[in-house]
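**Student:** Okay, here's the prediction I keep looking at, along with the sequence it came from:
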Amino acid sequence: MAAVDQRDLPVHLAEELDERTDFVVLAPAQRWRTLIDGVSHVQGDVLLTTVARFVAAGAAPLQISEALQLPDDLITHLVSRVRLERIKVTEDGRALVSESAILGWMYRDLITDDLNPTIGPERPAVDVRWQHDRATFTTGTTGKPRRIHAAALFTPKTDPARPTAHELVRLAAERPGGECRLTLVGADELCLLVHPIQVVDHEAVVVDAAGRPQLQMTRSLHETARSKPTLRAWLDRAVDAEPVTVVSSTTDSPLGRSVLGLFKARQDFEAHRSARAARQLLEAVELVLRRYCAHTWFRSQIDPSEFPPVMVDAGSLAAAFGITESEAAALLGDHDAEARRTSQELVRLALESRHRSELQAVNVLALVQLGAEFVVLRGTQGQFERLSRCALQVEDLGRQALNDQKDHHERSQ
């Protein structure tokens with residue numbers, strides 16, 4: 001990729017742009033063709049349920065009509081609907097579900113290394129006109145076209161991680177409209193992904209397709225603008241032109257959303273105490289820990305990618321943060337890729353917070369201890385009481401950071 005001009009890459013939208021958006025950022029991403037096997041609940045009545053059962057048994061419309069003593073045209077219509085929408089009766093016989101299978105695209109940003117929260121549909125690339133590192137393209141309809149102004153962020157990174165099974169499950173769980181399963185099919189390819197810009201507190205913020213702030217990409221945009229006057233002028237235009245977005249609650253931030261998700265997962269776990277609920281709760285705990293780190297780096301205006309890889313032994317880590325050597329060894333251990341990425345983020349933040357005044361607000365001891373507990377729990381099963389305590393403490397850690405942000409915002413008004 002170093003030998004490729006990234007402006008030659010195809011430009012794609014993961015979602016249609018909001019009508020109020022006129023300024024966007026283009027950033028390199030890897031995308032994978034994705035099969036979405038979905039199951040959604042169908043509103044039906046006794047008649048539709050009965051017809052679905054007959055269809056599942058292989059009965060023809062005429063046979064169903066005769067058995068139910070109902071008009072042929074009504075039964076033909078219902079059978080057509082059952083087949084077209086792939087409607088089936090659930091195993092318990094209490095509900096109707098509709099099965100679907102569609103193709104889309106999953107995107108991973110090369111700058112943030114995060115998966116895009118939405119699966120982009122099959123659509124052609126955007127026709128872009130370049131002028132150095134800025135571009136324009138047209139969206140909307142033929143009768144009502146809209147001119148979109150774009151700035152590009154590039155990166156030399158060339159080796160994005162393929163989405164893991166863990167990430168696929170998490171992304172599927174966040175999709176609206178019922179249960180689904182995601183499967184990667186075909187080859188992957190590089191592209192430039194469109195990210196809208198919103199103006200929050202008179203500052204340009206890069207958001208993803210779901211409207212959630214992208215902290216690392218926003219920081220990268222502003223850092224690049226400091227060394228490029230033309231990009232700085234472009235950003236000033238964006239701030240003046242884009243409508244101001246008012247963030248009414250800290251739950252509108254990535255950390256706030258993850259804390260809310262953890263609260264809901266904890267409630268579900270307490271209600272069911274099942275292995276499945278425990279896995280979902282552990283995933284929610286991990287997401288809050290990672291979002292806590294990203295939130296802290298962003299608020300302190302420090303780029304963690306500037307630091308070298310974490311180099312510390314278990315004994316030193318245990319002595320510095322009051323955990324046992326076995327817990328420190330687990331935190332630094334050679335576990336699966338997802339857990340290793342999370343633990344490295346936690347340790348890096350903890351180590352840097354010891355000698356950086358910008359990070360004095362970080363609850364370092366709680367962060368390291370909870371990170372070690374998360375890694376231990378991830379490698380064990382059946383520790384329900386221990387998992388429940390850990391989840392509540394991680395939730396409190398996230399809420400503390402959100403409250404600190406709210407207090408700071410109110411003081412600055």
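**Tutor:** Happy to help now that I have it.

**Student:** need the longest strand for this protein.
**Tutor:** strand 179-200 (DSSP state E).

**Student:** on contacts alone, who are the packing partners of it?
**Tutor:** For strand 179-200, the packing partners by 3 or more CB pairs under 8 Å, 6 or more residues apart in numbering; DSSP states H and E come out as strand 11-12, strand 23-42, strand 96-109, helix 165-174, strand 203-206, helix 229-241. For glycine as for every other residue, the C-beta is placed from the backbone atoms N, C-alpha and C.

**Student:** These: which one's closest to residue 353?
**Tutor:** strand 203-206 (24.7 Å; CB to CB).

**Student:** list the buried ones in the closest one?
**Tutor:** 204-206 (16 or more other CB atoms under 10 Å).

**Student:** And stretch 115-127, by the same measure?
**Tutor:** Buried residues in stretch 115-127 (16+ other CB under 10 Å): 115-120, 126.

**Student:** how about it as CSV, C-alpha atoms only?
**Tutor:** Output in CSV follows, covering the C-alpha atoms of stretch 115-127 (Å, rounded to 0.1, in the frame of the first residue of the first chain):
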residue,chain,number,x,y,z
LEU,A,115,-15.1,-1.8,12.9
ASN,A,116,-17.7,0.4,11.5
PRO,A,117,-21.0,-0.1,13.5
THR,A,118,-23.1,-0.6,10.4
ILE,A,119,-22.9,-3.0,7.5
GLY,A,120,-22.9,-1.0,4.3
PRO,A,121,-25.2,-2.1,1.5
GLU,A,122,-24.2,-3.1,-2.0
ARG,A,123,-23.8,0.2,-3.9
PRO,A,124,-21.3,1.6,-6.5
ALA,A,125,-18.3,3.7,-5.4
VAL,A,126,-18.8,7.5,-5.1
ASP,A,127,-17.5,9.5,-8.1
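
**Student:** Where does pLDDT dip in the stretch 101-250 of the chain?
**Tutor:** Of all residues in the stretch 101-250 of the chain, those with pLDDT under 70 make up the ranges 174-179, 201, 242-250.

**Student:** which stretches of the chain form helices?
**Tutor:** 46-56, 61-68, 72-84, 165-174, 215-227, 229-241, 254-272, 275-300, 314-321, 325-331, 337-353, 364-378, 384-412 (DSSP state H).

**Student:** which helices and strands does the longest one pack with?
**Tutor:** So the one you mean is helix 384-412. In terms of contacts (3+ CB pairs under 8 Å, 6+ apart), helix 384-412 is packed against helix 254-272, helix 275-300, helix 364-378.

**Student:** Report the mean confidence score over it.
**Tutor:** Average pLDDT, helix 384-412: 83.

**Student:** cool, the shortest one as well?
**Tutor:** Computed over helix 325-331, the mean pLDDT rounds to 84.

**Student:** buried residues in that helix?
**Tutor:** Result for helix 325-331 [16+ other CB under 10 Å]: buried residues 327-331.

**Student:** repeat for the third one
**Tutor:** Taking 16+ other CB under 10 Å as the basis for neighbour counts, the residues of helix 72-84 that come out buried are 75, 78-79, 81-82.

**Student:** residues in contact with that helix?
**Tutor:** Contacts of helix 72-84 from elsewhere in the structure, counted by CB atoms under 8 Å, 6 or more residues apart in numbering, are 47-48, 51-52, 55, 61-62, 64-65, 68, 87.

**Student:** And the fourth one, by the same measure?
**Tutor:** The contact list for helix 165-174, computed with CB under 8 Å, 6+ apart, reads 106, 115, 117, 119, 163, 179-184, 280, 283, 287, 336, 338.

**Student:** need the contact list for residue 280.
**Tutor:** So residue 280 contacts 173, 265, 268-269 (CB under 8 Å, 6+ apart).

**Student:** okay, now residue 368: neighbour count?
**Tutor:** Neighbours of residue 368 under the rule other CB atoms under 10 Å: 26.

**Student:** Next up, the contacts around it.
**Tutor:** 317, 321-323, 331, 346-347, 350.

**Student:** Who wins on neighbours among the residues you listed?
**Tutor:** Greatest neighbour count in the contacts of residue 368, by other CB under 10 Å, goes to residue 331: 31 neighbours.

**Student:** Does it touch residue 375 like I think?
**Tutor:** Yes: using CB atoms under 8 Å, residue 331 is in contact with residue 375, at 5.5 Å.

**Student:** Identify the contacts common to these two.
**Tutor:** The contact lists of residue 331 and residue 375 share residue 343, where a contact means CB under 8 Å, 6+ apart.

**Student:** any low-confidence regions in the stretch 251-400 of the chain?
**Tutor:** Those would be 251-252, 305-306, 308-310, 334-338, if you go by pLDDT under 70 across the stretch 251-400 of the chain.

**Student:** And for residue 86, the neighbour number?
**Tutor:** 14.

**Student:** Kindly state the domain boundaries assigned to this protein.
**Tutor:** Listed by automatic domain parsing, the domain ranges of the chain are 6-38+101-241, 40-98, 250-412.

**Student:** tell me which residues of stretch 136-153 are tucked away?
**Tutor:** For stretch 136-153, the neighbour count (16+ other CB under 10 Å) marks 137, 139, 148-153 as buried.

**Student:** What is the nearest of those to residue 235?
**Tutor:** The closest of the buried residues of stretch 136-153, once distances to residue 235 are taken by CB to CB, is residue 151, at 7.7 Å.

**Student:** which residues touch that closest one?
**Tutor:** 23-26, 133-135, 221, 231, 234-235.

**Student:** Sweet, I'm off.
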